[in-house]
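Please find the sequence and the predicted model below.
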Amino acid sequence: MNACQQCQLCPLHSTRTQTVFGTGHKHAELMIIGEAPGFYEDQQGEPFVGRAGKLLNAMLHSIGFSRRDVYIANILKCRPPNNRDPLPQEVSACTSYLEQQIALVQPKVLCALGRIAGHYLLQTTEPLNRLRHKKHVYGADNRRLFITYHPAYLLRNPLAKAEAYRDLLQLKECL
Ligand code: URA
């Protein structure tokens with residue numbers, strides 16, 4: 001975490017207010033992986049504290065978890081200006097932090113929220129909708145990996161919430 005706070009591996013260090021490392025249970029069974037901090041996360045230093053975060057809390061609650069039961073991290077630890085998509089060079093500079101988080105927490109199940117997290121973890125560019133319907137494992141330890149919609153997408157497309165809930169029920173079955 002200290003190394004991350006000082007990190008200057010990509011140009012985002014010059015526009016961040018602070019790094020947003022991760023939060024939650026140190027040995028959570030479930031790790032949630034989002035994309036990158038937004039405005040409020042950059043201000044507060046914690047992932048998913050804005051509107052998308054409120055929806056994420058409700059999604060977790062719907063399957064019997066609170067934020068404190070899980071570990072929440074992002075692909076990028078610094079906010080991209082104007083919340084633009086992470087650039088490939090930012091992803092490759094930053095993801096060693098995520099790999100270390102996974103190695104330390106040792107979650108049983110990973111849940112990627114949205115395209116950016118899903119594409120990084122699976123090293124693919126397949127459309128999210130196709131990835132949601134497949135079974136995935138991640139890394140040498142063959143951790144189960146689920147992919148569902150990003151809560152920010154669900155805020156814009158509330159009709160997809162029912163599908164996201166079905167994804168989460170499948171995930172819950174695995175735990
Ligand atoms: N969106 C993300 O992907 N991560 C956050 O921390 C906040 C919004």
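All right, it came through fine.

Now do the same contact list for whatever residue of the chain ends up closest to the ligand.
Closest residue of the chain to the ligand, Cβ to the nearest ligand atom: G34 (2.9 Å). All C-beta spots, glycine's among them, are computed from the backbone N, C-alpha and C. Taking Cβ atoms under 8 Å, 6 or more residues apart in numbering, we find G34 in contact with 47-48, 52, 56, 72-75, 113-114, 117, 150.

filter the residues you listed down to the ones near the ligand?
Contacts with the ligand within these, counted by Cβ under 6 Å from any ligand atom: 47-48, 52, 74.

In strands, which of the residues you listed fall?
Residues of the ones next to the ligand among the contacts of G34 located in strands (DSSP state E): N74.

biggest separation within the ones next to the ligand among the contacts of G34, which pair?
By the measure Cβ to Cβ, A52 and N74 form the most distant pair in the ones next to the ligand among the contacts of G34, at 11.3 Å.

Which one of those two is surrounded by more residues?
Per other Cβ atoms under 10 Å, whichever of A52 and N74 has more neighbours is N74, with 28 against 23.

if I look at that one, how far off is E163?
For N74, the distance to E163 (Cβ to Cβ, to the nearest Å) stands at 23 Å.

cool, and Q43?
31 Å.

My read is that Y153 contacts G114, right?
Yes. Using Cβ atoms under 8 Å, Y153 makes contact with G114 at a distance of 6.3 Å.

From the contact counts, what lies against the host helix or strand of Y153?
According to DSSP states H and E, Y153 maps onto helix 151-156. With contacts defined as 3 or more Cβ pairs under 8 Å, 6 or more residues apart in numbering; DSSP states H and E, helix 151-156 has these neighbours: helix 51-62.

Return the helix it packs on as CSV; C-alpha atoms alone will do.
C-alpha atoms of helix 51-62 as CSV (Å, rounded to 0.1, in the frame of the first residue of the first chain):
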residue,chain,number,x,y,z
ARG,A,51,-23.4,6.6,-6.8
ALA,A,52,-22.0,3.5,-8.4
GLY,A,53,-20.7,2.5,-4.9
LYS,A,54,-24.1,2.9,-3.4
LEU,A,55,-25.5,0.5,-6.0
LEU,A,56,-22.7,-1.9,-5.4
ASN,A,57,-23.5,-1.9,-1.7
ALA,A,58,-27.1,-2.8,-2.6
MET,A,59,-26.0,-5.5,-5.0
LEU,A,60,-23.8,-7.1,-2.3
HIS,A,61,-26.6,-6.8,0.2
SER,A,62,-29.0,-8.6,-2.2
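
So for that helix, what gets flagged as buried?
Going by neighbour count (16 or more other Cβ atoms under 10 Å), the buried part of helix 51-62 is 52-53, 55-57, 59-60.

Mind picking the two most distant members of these?
Using Cβ to Cβ, those span at most 12.6 Å, a distance reached by A52 and L60.
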